[in-house]
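S.K.: Next input, structure requested:
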Amino acid sequence: TLAVVLAIDASGSMRHTDPYRLRETAARMFIDLLSPEDFLGIITFDHEVQVVLPLQQAGAAPEKAVFKERLSSALQPRGNTDFTIALEAARKELLKGAAEGARPVVVLLTDGEPDPDPRRSQDTAFMDSYMKSLWDAVQACALEGISVYTVGFSPEINPEIMQKISLDTRGDCYILNEPAEMLLSFFELLGNLKNRRTLIEEVHSLQGAPYTFTFDVDEYTEQVNLVAVSLEPSSGNCGLSLKPPGGEALQLESLTLSNEKNYSMAVLSQPGEAYRGQWQASVSGNGRVRLLGDMDLSVKGWLEEPAPASQHPLHEPLDFRVKVTGAAGQLLRDLQVEIQLKKPGLDRIETVPLAEAGGYYTGSYTGVDRAGTYELELRLLLDNQLVSSSAHRLYVKLLPALSTDFRTENGCRLGEDVAFSASLL
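M.R.: Next up, the predicted model:
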């Protein structure tokens, strides 16, 4: 379960960097794709902060519709760009206790770098003091276990600042070339947070003719999410329709179809045994359309070590630890768990098999010999058929490695001194 605060930049520069308000479209889609049990808060920021929606449970479609209307009226461009107050306000929302037990996350969306007062942007002392306050706010999030995911677009973005905010809080960073990519990044971001399996990611030109594709629903399928996004916000449109394995027109309480200004979405929840098999989806409309799809599965693998989107020292082995949920008994015993790994600058994929030990699946990879972004895919297989998968990133850098002889396996006696040593190599 997630507790997410969307912190959305509403500074004056948005008039020309996002003229079609695609950040609103992306945020509305993000809201629709949250599970009912998740929690959502929304703030907008420039040189001031507006709490559009205090943190509360996302709920079903009627509640989400109210949230989207509140957001729509709060995105008029104004003012300057202050990251610090945005992070402080988001942290306060998450610490109020409304979502106890949920995973706390901030999604920070912006088109520029921190600039709280343009009149003083060349004042070195002022900017140094401001940046210190920003890193203090980032550290406060990290100490509370709040992950910050940054999403930035436009040439004015400082990628180093965005990446540091995310890496310091064990979040992830999305640097985009244009506003239209926000939709894909928000879909991917939430899919990673919810550990969903990707179904489809394609772009098609409809030109009046519908495009049809298929997907399979099996006993492990909990929910299917499909989104068709118009890439021509001024003139394009699109709509989604679904047919079950029997091929008849669909009338299901577990299916939600919604049509928004620039996208159409279908969510199929708890389909049941009668609806297992191959489904057909059709997209109609005109113009270029991006198709996005993923699914929630009852059986999932969770990468606990190394932490996804974290930094790892060069030349130090990767020790993997995976927790599997939703499987028990013979199914759990028959599962094969593996990591497929691709190193930066290489197309070759290496497979690391994991073995079950003490309720976890573990394994090690020693070939950490290239710096950069490592692409990881965690895969669960049954009879060599893929049951579940999830994608992760890891950033390998020349960092100090911690070495220690301190071990807790044998315990220690009350009142006894314990001596140990540690060093950075």
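S.K.: and the residue nearest the centre of the chain, what does it touch?
M.R.: Nearest to the mean C-alpha position of the chain, by CA atoms, centre = their mean, lies Leu189 at 2.2 Å. Leu189 is in contact with Phe30, Val107, Tyr149, Val151, Asp172, Tyr174, counting by CB atoms under 8 Å, 6 or more residues apart in numbering. Every residue, glycine included, has its C-beta placed from N, CA and C.
S.K.: Can you tell me the element the fourth one falls in?
M.R.: Looking back up the chat, that one is Val151. Take DSSP states H and E as the rule and Val151 turns out to sit in strand 147-153.
S.K.: Show residues contacting that strand.
M.R.: 17-18, 87, 103-111, 138, 141, 159, 162-163, 165-166, 169-179, 181-182, 185-186, 189.
S.K.: Filter the residues you listed down to the buried ones.
M.R.: With burial judged by 16 or more other CB atoms under 10 Å, the buried subset of the contacts of strand 147-153 is 17-18, 87, 103-111, 138, 141, 162-163, 165-166, 169-174, 176, 179, 181-182, 185-186, 189.
S.K.: Show only the entries of those found in helices.
M.R.: Members of the buried ones among the contacts of strand 147-153 lying in helices (criterion: DSSP state H): 17, 87, 138, 141, 162-163, 165-166, 181-182, 185-186, 189.
S.K.: so which of these comes closest to Gln50?
M.R.: Closest to Gln50 out of these is Leu87 (14.9 Å), distances taken as CB to CB.
S.K.: ok, now which ones touch Gly145?
M.R.: Neighbouring residues of Gly145 by CB under 8 Å, 6+ apart: Pro104.
S.K.: meant to ask about Val387, not that
M.R.: The contact partners of Val387, taken as CB under 8 Å, 6+ apart, are Tyr220, Leu297, Val299, Leu335, Leu380, Leu381.
S.K.: Who wins on neighbours among the residues you listed?
M.R.: Within the contacts of Val387, most neighbours by other CB atoms under 10 Å means Leu380, with 25 neighbours.
S.K.: where along the stretch 1-150 of the chain do the helices fall?
M.R.: Along the stretch 1-150 of the chain, counting by DSSP state H, counting those that start in this stretch, helices occupy 14-17, 22-33, 61-72, 83-94, 124-143.
S.K.: quick one: which of those is nearest Leu354?
M.R.: Ranking the helices of the stretch 1-150 of the chain by proximity to Leu354 (CB to CB) places helix 124-143 first, at 28.5 Å.
S.K.: mind listing what's buried in that closest one?
M.R.: Within helix 124-143, the residues scored as buried using 16+ other CB under 10 Å are Met127, Tyr130, Ser133, Leu134, Ala137, Val138, Cys141, Ala142.
S.K.: Would you mind giving the orientation angle of the strand holding Val151 with respect to helix 124-143?
M.R.: Strand 147-153 and helix 124-143 are oriented at 130 degrees to each other (axes from the mean of the first three to the mean of the last three CA atoms, to 10 degrees).
S.K.: Just the CA atoms of strand 147-153, as PDB, please.
M.R.: Extracted in PDB, the C-alpha atoms of strand 147-153 (Å, rounded to 0.1, in the frame of the first residue of the first chain):
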ATOM      1  CA  SER A 147      11.400   8.100  -1.000                       C
ATOM      2  CA  VAL A 148      11.400  11.100  -3.400                       C
ATOM      3  CA  TYR A 149      10.800  10.300  -7.100                       C
ATOM      4  CA  THR A 150      11.700  13.300  -9.300                       C
ATOM      5  CA  VAL A 151      10.300  13.900 -12.800                       C
ATOM      6  CA  GLY A 152      11.800  16.800 -14.800                       C
ATOM      7  CA  PHE A 153      11.300  18.100 -18.300                       C
END
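S.K.: how far is the lowest-mean-pLDDT helix or strand in the chain from where the chain is centred?
M.R.: None of the helices or strands of the chain scores lower by mean pLDDT, DSSP states H and E than helix 329-334, at a mean of 76. For helix 329-334, the distance from its own C-alpha centre to the chain's C-alpha centre is 29 Å (CA atoms, centre = their mean, to the nearest Å).
S.K.: which is the next helix or strand following it?
M.R.: According to DSSP H and E, the helix or strand after helix 329-334 is strand 336-342.
S.K.: In that next one, which residues are buried?
M.R.: So for strand 336-342, counting by 16+ other CB under 10 Å, buried means Gln336, Val337, Glu338, Ile339, Leu341.
S.K.: who does it touch, helix- and strand-wise?
M.R.: strand 318-325, strand 349-357, strand 360-365, strand 372-382 (3 or more CB pairs under 8 Å, 6 or more residues apart in numbering; DSSP states H and E).
S.K.: Let me have those strands in TSV, adding distance to Val66 and mean pLDDT as columns.
M.R.: TSV is the format used below for the helices and strands packed on strand 336-342 (distance: least, CB to CB, whole Å; pLDDT from 0 to 100):
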stretch	distance to Val66	mean pLDDT
strand 318-325	32	94
strand 349-357	44	94
strand 360-365	42	95
strand 372-382	36	94
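S.K.: Which of those strands sits closest to Lys92?
M.R.: Lys92 lies closest, by CB to CB, to one member of these: strand 318-325, at 31.0 Å.
S.K.: show me what contacts the nearest residue to Ala307 once chain neighbours are set aside?
M.R.: Among residues not flanking Ala307 along the chain, Arg170 sits closest, at 5.4 Å (CB to CB, 6 or more residues apart in numbering). By CB under 8 Å, 6+ apart, Arg170 lies in contact with Ala142, Ser147, Ala307, Pro308, Ala309, Ser310.
S.K.: gap between Arg170 and Gly145?
M.R.: Look at Arg170 and Gly145: by CB to CB, to the nearest Å, they are 9 Å apart.
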